[in-house]
Structure formats: structure tokens, C-alpha cells
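**Student:** give me a 3D structure for the following:
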Amino acid sequence: MDDQSSYVLPQAQSTLTSPPTTPVPLTSPLRDWAEYYSWRGLDVDSPVAQLLSYPLSVYYILTTCLKQDNSKYFESLLRKDTLRILLLGVEKEVELLPVFKELVNLLPWVSIHIDMVGKSISKKCRRKILEDGQLSIALFRGDYHSWDGQEAGIIIGLNAGIAAYRCWQPTLEKILKQNTPSYFTDYCEYFVDITDQTLKGANSGEVTQKRLNPFRAPFRITSEDNYLPWFSNAVIFSVTPR
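**Tutor:** Residues are numbered from 1 along each chain as shown. Purely as a prediction, here's the structure:
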């Protein structure tokens, strides 16, 4: 897996390629960018958070959201030799694989395997497996409902846009039939509310546990359609059966 030098400024790159001096206690996980930057010794004006929002959102979902929602399951998940994470609807994440190595620094006591599933993954990467120390990432081009891989401990969809893409419907049907915890992010609270209305209208589920993500990307995304504040990974939510 390539290093992070192509993704961040030189000063941040020299910091992120070095392991942290002290681990983050699982009993008191990092809560926001201020704590992460302090822990990593980054300058407060470093823009690296724009890219690190992807792995740090995964970290926050694991160590805060899941822990709050189902503490027993959270504890059992981290007792396993390998933490298996399933990322759905993958697009930009494939271009940012090196930044996911930061998950190993945040969770150094466990090996991490990530299955990335998405229709936008290149045909050249289909079923490709990348390994780097305690981290392995497998790529699958296609939808989750056509994926036949090993069951994951947690399912996550970043910037999912569930209401905008019809292909999510059979995927959600498959997810809701399982007992695997699932979390999603979207660009703003309005999109999450539309997702909730869409799911209820189809009588297939509903949005629960809506939270503002403290590890959302800091740069606002502008839209020609409206003036709503959009941020990558802005809001975290779950989907449960009705």
C-alpha cells in the first residue's frame, strides 16, 4: 500500500508516517478534531482533516456510537483477533486507501480487515486485496446484495445518499435481515430526514440514532441547488426495521 506522501502536505506527512508516542485508551476515545490534532502533534491549521474524515468517522462510529448503542457487542467485537469492517457504496475511499492506515494507530491492539464494496470501483481492482502490517483491505466491484464475502462485525456507509440511489433498496433489505450493526453518514441533516421519509414510505425501515459527526470534514461543500450547509460525513445515523 503506497505511503501517505501523495495525500498530505510534507509537515503532516512526516507526522502521520510515524507511529504515535502514546496509544489512545479505549476507555476514553478521541472525541473531536481538537483531541486528535493534539494527540498527533498536528498544527491546528493543517487541512489533513479533510482526508482523515473517512478513517476517523469509522473510528468514531466504532468507539463511540457502537459503544453507546450496544456496549456488550462492542466489547465482544474488539476481543476478536481481527476486526472486520464492511464499507458500502465506496467511491472516493478507493483513492484514499493510505489514510485508512491511521485506524491501526488508533486501534493498535487488533488487526483490521476492511471489505470495500461499491459499483464505482475500477474493474482492474475487482477482488484485489491490499495488505500493510495489521491492516488489510479487499475491494469488490458491485452492490452489497450481490457480494458473497465473509460476514463483517460492523457495516458502514460513508456519505451514503440512500434516498438518492435506488440500488440501496435491495442492499438495505439484506442488511435489515441481519443482526449486524450498521451505520451511515450523509452530507447534511436534511438528507438524513429525506432518507427517513423514503424508508418509511417504502415500509422498509426508519432512521434512528441521528448524531452530528465531530469528525466531519471541515470544508463546506457548495451546491447550486440550495444553500444548505453540506459537509462530507456530516451526520451519522442508523437504519432499523420498522
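**Student:** show the contacting residues for the most centrally placed residue in the chain.
**Tutor:** The centroid of the chain falls nearest to Val58 when counting by CA atoms, centre = their mean (3.7 Å). Contact analysis of Val58 by CB atoms under 8 Å, 6 or more residues apart in numbering lists 85, 87, 100, 103, 156, 158. The way it works is simple: take the backbone N, C-alpha and C, and place the C-beta from them, glycine included.
**Student:** now with 7 Å?
**Tutor:** 85, 103, 156 (CB atoms under 7 Å, 6 or more residues apart in numbering).
**Student:** give the burial count for the first one, as a bare number.
**Tutor:** The local packing count at Ile85 equals 21, with neighbours defined by other CB atoms under 10 Å.
**Student:** sec struct for the nearest residue to it once chain neighbours are set aside, please.
**Tutor:** The shortest distance from Ile85 to any non-neighbouring residue, by CB to CB, 6 or more residues apart in numbering, is to Ile114 (4.8 Å). The local conformation at Ile114, judged by DSSP: H, G, I helix; E, B strand; the rest coil, is strand.
**Student:** test my guess that Ile114 contacts Leu87.
**Tutor:** Yes - between Ile114 and Leu87 there is a contact under CB atoms under 7 Å: 5.9 Å.
**Student:** Lys67: how many residues sit nearby?
**Tutor:** As a burial measure, Lys67 scores 18 neighbours (other CB under 10 Å).
**Student:** ok, now the one 5 residues further on?
**Tutor:** Applying the criterion other CB under 10 Å, we find 7 residues in the vicinity of Lys72.
**Student:** next one: the one 4 residues further on
**Tutor:** When neighbours are counted by other CB under 10 Å, Ser76 registers 11.
**Student:** and for the one 10 residues further on?
**Tutor:** Around Leu86 there are 25 other residues, counting by other CB under 10 Å.
**Student:** and for Ile114 and Leu87, which residues touch both?
**Tutor:** Residues touching both Ile114 and Leu87 (CB under 7 Å, 6+ apart): there are none.
**Student:** any chance you could map the strands in this structure?
**Tutor:** Remark: strands assigned in the chain by DSSP state E are 82-88, 111-118, 129-132, 135-141, 154-157, 182-186, 206-212, 235-240.
**Student:** now these as a markdown table including distance to Gly41 and mean pLDDT?
**Tutor:** Converted to a markdown table, the strands of the chain look like this (distance: least, CB to CB, whole Å; pLDDT from 0 to 100):
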| stretch | distance to Gly41 | mean pLDDT |
| --- | --- | --- |
| strand 82-88 | 26 | 96 |
| strand 111-118 | 23 | 94 |
| strand 129-132 | 22 | 86 |
| strand 135-141 | 22 | 93 |
| strand 154-157 | 28 | 96 |
| strand 182-186 | 27 | 96 |
| strand 206-212 | 26 | 93 |
| strand 235-240 | 27 | 94 |
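**Student:** out of those strands, flag the one nearest Ala164.
**Tutor:** Closest to Ala164 of the strands of the chain is strand 182-186 (CB to CB; 9.5 Å).
**Student:** pull out the buried positions in that closest one.
**Tutor:** Residues of strand 182-186 classed as buried by neighbour count (16 or more other CB atoms under 10 Å): 182-186.
**Student:** pull up the pairing partners for it, direction included.
**Tutor:** According to DSSP bridges, strand 182-186 forms sheet pairs with strand 154-157 (parallel), strand 235-240 (antiparallel).
**Student:** most packed of those strands?
**Tutor:** Highest mean neighbour count of these: strand 154-157, a mean of 23 (counted as mean count of other CB atoms under 10 Å).
**Student:** I'd say Leu228 and Cys188 touch.
**Tutor:** Yes - using CB under 7 Å, Leu228 is in contact with Cys188, at 5.3 Å.
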